[in-house]
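**Student:** model this:
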Amino acid sequence: MKQLIVTGAKQAEFEEVAEPGCDAGGVVVRARLTAISTGTELRVFRAIPVDDEGQFLHERVPFVLPTGNGYSMVGDVIEVGSSVTEISVGDRVFLPAAHCQVAAMEASRVTLLPEAVADDEAVLLSILEVAHRAVRDGDPPPGGNVVIVGQGVIGLSALAYCVAFGFRTAVVDLEPARLEIAREMGADLAVSPDEDDYQDRVLALFDGVGADLALEAGSNWTTIRTAMELTRTDGRVVIVSRHTHQPDFNPFGQGFLGKRLSLVTTYGYPPEGSRWDQRASVGLSVDLLARGRLVVLPMLTHRFAWHELPEVYARLDQGDRTIVGALLDWSGTDE
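**Tutor:** Numbering: from 1, shown residues only. All right, here's what the predicted structure looks like:
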C-alpha cells in the first residue's frame with residue numbers, strides 16, 4: 001500500500017509498505033479521504049521540533065525520521081478484530097490516522113459516522129477537536145465576546161464552534177480570502193491588521209471593553225501581542241498554535257500585567273475519561289455536524305489527489321497562503 005513518509009527536512013515521498021494487520025481489538029480501514037493539517041504537517045515536513053531540546057516532532061511524538069505525517073482520515077472498514085462488536089466490515093468511519101492507503105487502529109479510537117455527516121466534513125474531525133479544545137479551555141461566559149487572531153484551518157475551525165455556541169466573534173487575519181471565508185462561516189466582524197482602525201472596530205463590536213477570550217492561532221509573536229491587545233481586563237488569552245521562535249517584545253510587560261490577563265495553552269489532550277476528552281469532543285462535533293449546527297465546508301479551499309501531497313507541502317513551505325482547508329482523495333490508489 002501507499003504511505004506518505006517524511007524522510008528528512010523538506011523531503012517527503014510516497015513509499016510502498018506492507019498493509020497493517022488487524023489486532024483482536026482493532027479495525028483496518030481503507031482511506032477515502034485524509035485532511036491536511038497545514039500548520040502541524042508543515043512543521044513536521046520542515047523537521048522543526050516543538051521543544052528546545054529537539055526531542056519531539058509534535059505532542060508526545062518523538063523526533064525520529066523517517067516518519068509518517070497527518071492525523072485525520074475517513075474510510076471504509078475492511079477488517080475487524082475478533083473482540084470488536086460495535087463496528088462491522090463496510091462501516092464508514094473516522095479515525096486519527098496518517099496519510100496512507102490503509103490504516104489499522106484500536107476500535108476505541110474509531111468513530112462510526114452517521115449518514116447526515118458528509119465525508120468532507122467528517123475528515124476534519126481531528127482538526128476540529130483541536131479547535132474545540134481551545135474554545136473549551138478559554139471558557140468564555142455565555143453570550144461572551146471572542147476574538148480569533150489567525151484564520152488558518154484551526155482558527156476557522158474555532159470560529160465554527162464560536163458561531164455554533166452563540167458567542168459574538170471577531171476574527172483578524174492578513175489574507176482577504178480568509179476573511180471572506182470567515183464572513184461566510186458567520187463571523188460578526190472580520191478585519192485585517194493592515195487596516196488602521198481594526199482594533200477600534202473590534203473593540204466597538206465588544207462594547208469598548210475588549211474580548212472575554214482571545215484565541216491566538218497565527219503561530220507568531222505578533223499574533224500573540226495582537227490577541228493580548230484586544231482582550232479586556234481580566235480576560236483570557238489561549239495560545240493554540242506552536243511557537244519555537246523567541247519573542248520580539250516582552251509578553252509579560254504592562255500589557256499583560258496591567259490588564260491582569262490569564263494566559264492558557266491547549267497543548268496536549270485531556271486525560272481519558274475526563275468530561276471533554278478526545279472521544280467526547282469528537283462525539284460532540286459529529287452531533288453538531290449531523291444537525292447542521294457546525295458549518296465547516298466553506299473553509300475547504302483545495303482538493304488534491306493523494307499523490308500530490310509532496311507538491312502541496314512544497315507549496316506550503318514556499319508560503320502559499322491560498323491553501324487553507326485541504327483534502328486528499330485516495331480513490332484510484334489500486335489502479
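**Student:** what about the strands in the stretch 201-335 of the chain?
**Tutor:** Secondary structure of the stretch 201-335 of the chain (DSSP state E, counting those that start in this stretch): strands at 211-216, 231-239, 262-265, 300-305, 325-329.
**Student:** and the second one, what does it pack against?
**Tutor:** Using 3 or more C-beta pairs under 8 Å, 6 or more residues apart in numbering; DSSP states H and E as the contact definition, the elements that strand 231-239 packs against are helix 125-138, strand 211-216, helix 221-229, strand 262-265. Every C-beta, even on glycine, is put in place using the N, C-alpha and C of the backbone.
**Student:** show me which parts of the shortest one are buried, residue by residue.
**Tutor:** Within strand 262-265, the residues that qualify as buried by neighbour count (16 or more other C-beta atoms under 10 Å) are 263-264.
**Student:** what residues does it touch?
**Tutor:** Contacts with strand 262-265, where a contact means C-beta atoms under 8 Å, 6 or more residues apart in numbering, come from 137-138, 234-239, 251, 256.
**Student:** quick one: residues contacting Val135.
**Tutor:** Val135 touches 146, 158, 161-162, 165, 213, 215, counting by C-beta under 8 Å, 6+ apart.
**Student:** with Val202 instead?
**Tutor:** Per C-beta under 8 Å, 6+ apart, neighbours of Val202: 147, 170, 172, 189, 191, 210-211, 230.
**Student:** try it again at 6 Å.
**Tutor:** 147, 170, 230 (C-beta atoms under 6 Å, 6 or more residues apart in numbering).
**Student:** by neighbour count, which of those residues wins?
**Tutor:** Val147 (31 neighbours; other C-beta atoms under 10 Å).
**Student:** if we can go back for a sec, now the contacts of Val202 in JSON lines, with pLDDT and distance to Arg291?
**Tutor:** Output for these, formatted as JSON lines (pLDDT from 0 to 100; distance: C-beta to C-beta, whole Å):
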{"residue": "Val147", "pLDDT": "98", "distance to Arg291": "26"}
{"residue": "Ala170", "pLDDT": "98", "distance to Arg291": "25"}
{"residue": "Leu230", "pLDDT": "97", "distance to Arg291": "31"}
